[in-house]
Structure formats: structure tokens, C-alpha cells
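*Asks:* Here's my sequence, what's the structure:
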Amino acid sequence: MRQNVVRVVNGKVQLLLLPTSTPVHIFGADAVSAIVQGDTVVVQCKDGRTQIWKINPSGTSVSGPIRSIR
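*Replies:* Numbering: from 1, shown residues only. Reported below is the predicted structural model:
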């Protein structure tokens, strides 16, 4: 079973597939925080927006943002 985690580095979100710590996908811009919730990644941006990205079934990339909330 795959397990994804995310981290934010220099405003970009890095999607990691455990047990490695190597990013498998880098996305977004101006991110300040991100968290995996089920099969989505919720990203808080510097301007206050919240973006929701969909993790693809492979667990190695994302699509979106599928939703952006101000």
C-alpha cells in the first residue's frame, strides 16, 4: 500500500512516496503549508487561498488544483 506525504520547500509542494524521502512530484506556487487528506492534498497559499489537488491513483503525481477557495 502506498503512503504519500508532502512538504513545502521554497513555496513549492513536494509529494513524497514513503519510505523514500525523494520527491516524486513537485507542484504549486506560493505555498506555505500542505497536508495529505485521503487522496487529496490541501495547500494553503501565501495570499490566503486554499487549493485542493487530487493525488493520481499511482501516487506519483497530482492533478489540479481541482478546487481553489478564497
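*Asks:* Would you mind giving me the confidence score for the nearest residue to A29 once chain neighbours are set aside?
*Replies:* Leaving aside its sequence neighbours, A29 sits nearest to G11 (Cβ to Cβ, 6 or more residues apart in numbering; 6.0 Å). Where you see a C-beta, it was placed from the backbone N, CA and C, and this is true even at glycine. At G11, the model reports a pLDDT of 98.
*Asks:* Surely G11 and F27 touch.
*Replies:* No: G11 is beyond contact range of F27, at 11.1 Å (criterion: Cβ atoms under 8 Å).
*Asks:* Would you enumerate the residues in contact with I35?
*Replies:* By Cβ atoms under 8 Å, 6 or more residues apart in numbering, the contact set of I35 is V6, V41, V42.
*Asks:* So for it, what's the pLDDT?
*Replies:* Looking at I35, its pLDDT stands at 98.
*Asks:* So, low pLDDT: which residues of this protein?
*Replies:* Residue ranges of the chain with pLDDT under 70: 1.
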